[in-house]
Every structure is written in structure tokens, then in C-alpha cells.
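Enquirer: Have a look; sequence and predicted model below, questions after that.
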Amino acid sequence: MAQTHLILGASRGIGYEFTSQLLARGHNVIATQRAATATGSKLAALQSQYPGGQLAILECDVSSEASILGFVARVREALHRETRTRAVLDVVVLNAGVLVYPNRMSELSFANFSHHLTTNTIGPLLAAQHLLKLSQPEEAAHKPVDIKTLVFISSDSGSTTNFRSFEDGFGAYAASKAALNQGLRHLAAEVHRKHPNPPVVLALHPGEVTTDMAANVEVDWEVKGVIGPEESIECMLKVIEEKGAGGADEGGRVSMAKDGLEEETGAATFWTWDGRRYPW
Ligand SMILES: NC(=O)c1ccc[n+]([C@@H]2O[C@H](COP(=O)([O-])OP(=O)(O)OC[C@H]3O[C@@H](n4cnc5c(N)ncnc54)[C@H](OP(=O)(O)O)[C@@H]3O)[C@@H](O)[C@H]2O)c1
């Protein structure tokens, strides 16, 4: 059955590939870019291949609170036409991110550090917060929107327990993803306490993927297991299906019991593109 997915940060790279593969599978996609009116964008070209309204393009810049609020209001409007009493976003993927290389802690400017934290941590978490509020609208005329699975594209660089000290030049990036990880875990726990139907919250590491982000980085360590966006997204869609709402291992609960781990109520879980549980 066709689902509705929202991909935030879909103009290129991993977000674009998510959009493209989901459309090819027959799903409806709301995809964002920073300038939605930009004709000639990759997303606009993709939209012309799916003329039946399967792809809606909205504008969102996660570094601006006004932009996030405007975008969330447009998501609500776009879903108002749904025939169900409560509209559904099956999967929301918070993918937008930056890596301005190098970003060493010993050299970093205030502006560069802020840029990483704003785009990789604050923006995605605030966008998620406002999207989640759509399930309990303040105005009676607004149709509630439930999110079933909420996915944050994180990074193995943001793991604190599997610290990657060799990643020279990744200080602010790693700190921003570590803060994202901790923030999304709290968000999951809070939402579980507050919401009647809380979403399953997942963090995903997409692998070492050949996008513009990777192309702009000259590292002096060996990057192992580099994959293309197609493979990364094909695998991540499998993980989302399995670990997301309604999946065979929803929220990692089945594998948790098998691995002898204790279940934590309302906990988010962290996975690699190929389905391995990753340490926070
Ligand atoms: N590539 C990898 O190996 C790798 C590894 C681990 C994690 N990741 C994570 O995967 C995600 C996607 O990365 P990628 O490799 O696809 O990078 P990318 O090719 O550089 O794409 C980044 C995407 O984020 C968007 N974006 C940047 N700043 C934004 C903002 N302020 N508001 C909204 N959108 C914004 C970009 O839009 P514009 O076109 O407007 O700039 C673009 O669509 C990131 O969160 C990244 O940290 C990537």
C-alpha cells in the first residue's frame, strides 16, 4: 500500500536518493529543499517524471525557526485533503546536515561551530518537535497528523561510546551529531510520556556514502567500505521497514531480547545502514 513519507533536506545526496527510491516504489513523498520555487532543481525535474501529484516539494531551511514553522504549517495544509479523520505521515526522515571541513576544536571559529550545531542538531530537532505537535492541534479546524516512524540521519562520528579519535578535522561535526543523538533520545522519551500514539524514533548512520559531503573532505585515514547513495538508501529503507512502526523488529524490541538487552520504555534506537545496532 502507498505510504506518505516526508524527507527534510532532499535537494541532493542521501535525501534526494531517498525521494527517488520512494517514488519508484509508488509512495507519496513530501520533499524539501531550501528554495522550493527554484525551477531547474533536481527535485523539480524528478517531480515532472511523476505528474500525478506523487511528489510535493516544500521549502525548509532548518537554520531558520521562521522557515521551520512555515514549512510545518504547509505540511498540515498539504495533508488536510486526506480522507481519514487523522492524517498520517508514515515515515519522516530528518536528513539535512552539513560538514564544513576541517572543523577542528583547536582551530574552530564561533561561526563554524554554530553552523554545525544549528544545521545538524537544533534544526532537525526543532523541525521534529513542531511536526510532532501536529498530532494535537490547538485549532479544532486543523486535522491532526500522526507520525508513525521518525528517523534522524545521524553519523557514527556522533557516537560517544565508540569514539573515533582518528577523525581529524571532524570536531564540530562529531559534537553536533553527538548532541543530535542525545537530543533525539530525550525527544523520544518525552513524546512517549506525552503522546497517545508516539512514533517509533530511530537514528541511522548511512555508511560512508559518495555524496557532495564526502567529496568535499580530504581525510588522511583510510575510509573503509565506501558505498554509493543507491546502496545506502536501499539498505536504510529495509532497516526503516524492519525497525520502524509495524516492522518485524519494531524499535529493536525483538533483537533486544535476543541480544540480552533490557527494554527501556520510549527509547530511541541507533542503527547502521546495514541493520547493525550501533552504540550511542
Ligand atoms: N555522506 C556520508 O558519508 C554521510 C555519513 C554519515 C552521515 N551523513 C549524514 O547524512 C545526511 C545527508 O548528507 P549527504 O551526504 O547527503 O550530504 P549532501 O550531499 O551535502 O546533502 C546535504 C543535504 O542537506 C541539505 N541542507 C544543508 N543545510 C540545510 C539547511 N540549513 N536547511 C535545510 N537543508 C539543508 C542540503 O541542501 P542544499 O542543497 O540546499 O545545501 C542537502 O540537501 C547529513 O545529515 C549527513 O551528516 C552522511
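Expert: Perfect, I can see it now.
Enquirer: separation between residue 168 and the ligand?
Expert: 16 Å (CB to the nearest ligand atom, to the nearest Å). Just so you know, the C-beta spots here come from the backbone N, C-alpha and C atoms, and that holds for glycine as well.
Enquirer: That residue: what secondary structure?
Expert: The three-state label given to residue 168 by DSSP: H, G, I helix; E, B strand; the rest coil is coil.
Enquirer: Please enumerate the helices of the stretch 151-280 of the chain.
Expert: 171-194, 212-215, 229-243, 253-258 (DSSP state H, counting those that start in this stretch).
Enquirer: is it possible to export these to TSV including distance to the ligand, mean neighbour count and mean pLDDT?
Expert: What follows is the helices of the stretch 151-280 of the chain, written out as TSV (distance: least, CB to the nearest ligand atom, whole Å; neighbours: other CB atoms under 10 Å; pLDDT from 0 to 100):
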stretch	distance to the ligand	mean neighbour count	mean pLDDT
helix 171-194	7	20	97
helix 212-215	3	13	90
helix 229-243	7	19	98
helix 253-258	22	14	90
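Enquirer: Measure how buried the closest residue to residue 162 other than its chain neighbours is and give me the count.
Expert: The shortest distance from residue 162 to any non-neighbouring residue, by CB to CB, 6 or more residues apart in numbering, is to residue 279 (4.9 Å). By the measure other CB atoms under 10 Å, the count of residues near residue 279 is 9.
Enquirer: same thing with residue 277?
Expert: Residue 277: 15 neighbours (other CB under 10 Å).
Enquirer: Residue 258 is in contact with that one, correct?
Expert: No - with contact defined as CB atoms under 8 Å, residue 277 does not count as touching residue 258 (10.7 Å).
Enquirer: Now do the contacts for the most centrally placed residue in the chain.
Expert: Nearest residue to the geometric centre of the chain (CA atoms, centre = their mean): residue 94, 2.3 Å. Residues near residue 94 by CB atoms under 8 Å, 6 or more residues apart in numbering: 8, 9, 124, 127, 128, 150, 151, 152, 153.
Enquirer: can you list the helices of the stretch 151-280 of the chain in JSON lines and add distance to residue 264?
Expert: Converted to JSON lines, those look like this (distance: least, CB to CB, whole Å):
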{"stretch": "helix 171-194", "distance to residue 264": "8"}
{"stretch": "helix 212-215", "distance to residue 264": "32"}
{"stretch": "helix 229-243", "distance to residue 264": "15"}
{"stretch": "helix 253-258", "distance to residue 264": "9"}
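Enquirer: for the ligand, what are the nearby residues on this structure?
Expert: Residues of the chain lying close to the ligand (CB under 6 Å from any ligand atom) are 9, 11-15, 33-34, 60-63, 95-98, 119, 153, 155, 205-206, 208-209, 211-214.
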